[in-house]
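Trainee: make a model of this:
(2 chains)
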Amino acid sequence: MRVRLWGTRGSLPTPGPETARYGGNTVAVEVRSDDNRVIVLDAGTGIRNLGRTLPSTAKRVDVLLSHLHMDHIQGLGFFAPLYVPDMEVHIWGPPSPAESLRSRLGRYMSPPLFPVRLRDLPCRLTVHEVPDGHVHIGPFAFDASLVCHPGPTVGYRITADGRSVTYLPDHEPGLGVRGPLLRDGWTSGCSLADDTDLLIHDGQYTDAQYAERVGWGHSTFDRAVEFANLTRSRKLVLFHHDPDHDDATLERLMRELIDRTRPTMPVSAGYEGEAIAL
Amino acid sequence: MQRELEIVLTRQLASYLATPAFIVDPDGNLLYYNDPAEVLLGHRYDETGEMPAAEWATLFEPTDADGVPLPPDELPLLIALRTRRPAHREFWITGLDGARRHLVVTAMPLVGQAGRFLGALTLFWEGAGP
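Mentor: Numbers count the residues shown, from 1 in each chain, chains lettered A, B, ... in the order given. A predicted model of the protein is given here:
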């Protein structure tokens, strides 16, 4: 299984020379199996470039949305497979008690926000609300679980070829927790990440930023490392970078994080274009 | 295994409340109680952890105003679990310190995303007394 980061930025695209190293596109991740089947995680602006590199033989692609905030769906309308007749596109996302996933997506994929409606797309589109339990797609299996973030939001654990990647791009595991993260199943996301080979986790805030943004659904750098330790994750990639964190700031914050926490697993800040073989 | 997220978040809320709060699963097993509830139970959550329904439900000896024991089925918590509707009533208990206490109790069923029944949250207030 190979993982490639096509967009790593949270909240808002931040293109420019100051973010050239870690990237300015909002979140999109490709997960490719050894036999070249692809799952896409989220549809931020990074999905545009991802869509242009899919295997020409591909007949089906699955897009797993963690939630429907704009930085996770803004690129959807620019995802090339949506415009390929007979391409089978499956979009998965969290259910809501109030409105279907298709209807919620349609709020963005319709005028005046976007000129093309979901129903007018030439591909063969199916929208799924993620169920409890395993879902099998070709060589992949995935589990989805609600995680701590405002509004219906899920994280994913994807397994293929004997490896696992856990994707928690927007996640506040320490909300309301005084002291260390809780054990015995009391921490959001812990089952998804348990013993995972690769944890892609929200690392948006410094402690000082978090103090002013409690409840916004994002993690500090330190909580992300603590969460990785709690779940015995084997590798941690920090993700959903804050728009205010340019390359120089991120590199400084990462150096300080490593010095401060001495993590037991490899920890890095994800960058646009990064490819990770599992 | 991670607990249901709605239960995790309910615990975080309860841990900040000054009102005694108990969280139970659909079978009535006590999953969590906050610091103010420790005074009523006479136990610390950090020491007991979870408690089976049969163990904790009998601790209080609930009675009506005349001292007549109340059957468990008439307690708000079990009503909320059985009917999946909120339940409320006043009754008296004997605390672990031996003191009689007049309580006003509200139990709320917890129904999560996709209609999953997850248990109940019970809040206790001290009543005005006999």
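
Trainee: which bits of chain B sit near chain A?
Mentor: B:1-6, B:8-9, B:11-13, B:15-16, B:49, B:112-115 (CB under 8 Å from any CB of the partner chain). In this view, the C-beta of every residue, glycine as well, is placed from N, C-alpha and C.

Trainee: buried ones among these?
Mentor: Neighbour counting by 16 or more other CB atoms under 10 Å in any protein chain shown classes B:Q2, B:R3, B:E4, B:L5, B:E6, B:V8, B:L9, B:R11, B:Q12, B:S15, B:G112, B:Q113 among the residues of chain B next to chain A as buried.

Trainee: any idea how many residues pack against the nearest residue to B:L5 once chain neighbours are set aside?
Mentor: Using CB to CB, 6 or more residues apart in numbering or on different chains and skipping residues adjacent in sequence, the residue nearest B:L5 is A:L146, 4.2 Å away. A:L146 is flanked by 24 other residues according to other CB atoms under 10 Å in any protein chain shown.

Trainee: contacting residues around A:L146?
Mentor: Neighbour list for A:L146: A:P94, A:P152, A:T153, A:V154, B:E4, B:L5, B:E6, B:G112, B:Q113 [criterion: CB atoms under 8 Å, 6 or more residues apart in numbering or on different chains].

Trainee: roughly how far does the closest residue to the fifth one other than its chain neighbours sit from B:L31?
Mentor: With sequence-adjacent residues excluded and distances taken as CB to CB, 6+ apart, B:E4 is closest to B:L118, at 5.2 Å. Taking CB to CB, to the nearest Å as the measure, B:L118 and B:L31 are separated by 10 Å.

Trainee: which residues are in contact with both of those two?
Mentor: With CB under 8 Å, 6+ apart as the test, B:L118 and B:L31 both reach B:I7, B:D25.

Trainee: among the contacts of A:L146, which are in helices?
Mentor: Among the contacts of A:L146, the members found in helices (DSSP state H) are B:L5, B:E6.

Trainee: between the contacts of A:L146, which is closest to A:H241?
Mentor: A:H241 lies nearest to A:T153 out of the contacts of A:L146, by CB to CB, at 18.3 Å.

Trainee: surely the closest one touches A:P94?
Mentor: Yes: the pair A:T153 and A:P94 qualifies as a contact (CB atoms under 8 Å) at a distance of 6.1 Å.

Trainee: mind listing what A:T159 touches?
Mentor: A:T159 makes contact with A:F140, A:A141, A:F142 under the criterion CB under 8 Å, 6+ apart.

Trainee: just send the residues you listed back as JSON lines, with secondary structure too.
Mentor: Formatted as JSON lines, the contacts of A:T159 follow (DSSP: H, G, I helix; E, B strand; the rest coil):
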{"residue": "A:F140", "secondary structure": "strand"}
{"residue": "A:A141", "secondary structure": "strand"}
{"residue": "A:F142", "secondary structure": "strand"}
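
Trainee: give me the below-cutoff pLDDT ranges for the chain.
Mentor: The chain I'm using is chain A. Of all residues in chain A, none has pLDDT under 70.

Trainee: sorry, I should have been clearer: chain B.
Mentor: In chain B, residues with pLDDT under 70: B:58, B:96, B:129-130.

Trainee: quick check: longest strand in it by residues?
Mentor: Counting by DSSP state E, the longest strand found in chain B is strand B:100-111.

Trainee: what pairs with that one, parallel or antiparallel?
Mentor: strand B:87-94 (antiparallel), strand B:117-126 (antiparallel) (DSSP bridges).

Trainee: from the chain's centre, how far out does it sit?
Mentor: 6 Å (CA atoms, centre = their mean, to the nearest Å).

Trainee: which residues does it contact?
Mentor: With contact meaning CB under 8 Å, 6+ apart, strand B:100-111 is reached by B:6-7, B:10, B:23, B:40, B:75-77, B:79-81, B:83-95, B:117-130.

Trainee: buried ones in that strand, by neighbour count?
Mentor: Applying 16+ other CB under 10 Å to strand B:100-111 flags B:R101, B:L103, B:V105, B:T106, B:A107, B:M108, B:P109, B:L110 as buried.

Trainee: next one: the closest residue to the second one other than its chain neighbours from A:G7, what distance?
Mentor: If I follow you right, that is B:L103. In space, and not counting its chain neighbours, B:L103 is closest to B:F124: 5.2 Å by CB to CB, 6+ apart. Look at B:F124 and A:G7: by CB to CB, they are 49 Å apart.

Trainee: residue contacts, residue 114?
Mentor: This is for chain A. Here A:F114 is in contact with A:G77, A:Y108 (criterion: CB under 8 Å, 6+ apart).

Trainee: actually, chain B is the one I wanted.
Mentor: A:P95, A:P97, A:D132.
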